[in-house]
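Chemist: I would like to see how this sequence folds:
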Amino acid sequence: MKRSKTSSGLELLVELDRAGGEPLHRQLERALRGGVRNGRLAPASPLPSSRGLAAQLGVSRGIVVEAYEQLVAEGYLASRPGGATRVARGAAAAAPGSRTTPDPPSFTFDF
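Modeler: Predicted structure coming up:
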């Protein structure tokens, strides 16, 4: 059985500041959201399991679950019971602030 590669470790570039005032789940949300927005986390790529990522980061599973659930609600991630949590298709294109304005028309009218 072929195993799918997940984004983990250095690919996520997640650093949590335990001494800071921001809750850990918010820091994780921000890091993952940034990874989607800047393209480090490609659409449809699987993320580590909540248990696996929690172990890698040295945090409780609840922190990872809370971050994943929030990003699913925002449309950055997609999940289904028993399946991997993945970056949502089109998430980077739909991310706030990532839209570009269309080019103005290249023609002129002369009446």
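
Chemist: pLDDT value on Gly82, please?
Modeler: The score at Gly82 is 85. That number is its pLDDT.

Chemist: what about it, how many neighbours?
Modeler: Counted with other C-beta atoms under 10 Å, residues neighbouring Gly82 total 5. C-beta here means a position set from N, CA and C on the backbone, and glycine is covered the same way.

Chemist: distance of it from Arg37?
Modeler: Separation of Gly82 from Arg37 (C-beta to C-beta, to the nearest Å): 28 Å.

Chemist: equivalent analysis for Leu71, please.
Modeler: Distance from Leu71 to Arg37, by C-beta to C-beta: 11 Å.

Chemist: okay, these two: which has more neighbours?
Modeler: The neighbour comparison of Leu71 against Arg37 (other C-beta under 10 Å) goes to Leu71, with 23 against 16.

Chemist: name the nearest residue to the more buried one, ignoring sequence neighbours.
Modeler: Leu77 (4.3 Å; C-beta to C-beta, 6 or more residues apart in numbering).

Chemist: which stretches of this structure form helices?
Modeler: For the chain, the helices defined by DSSP state H cover 24-37, 50-57, 61-74, 91-94.

Chemist: just put those in TSV and tack on mean pLDDT.
Modeler: TSV is the format used below for the helices of the chain (pLDDT from 0 to 100):
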stretch	mean pLDDT
helix 24-37	95
helix 50-57	93
helix 61-74	97
helix 91-94	64
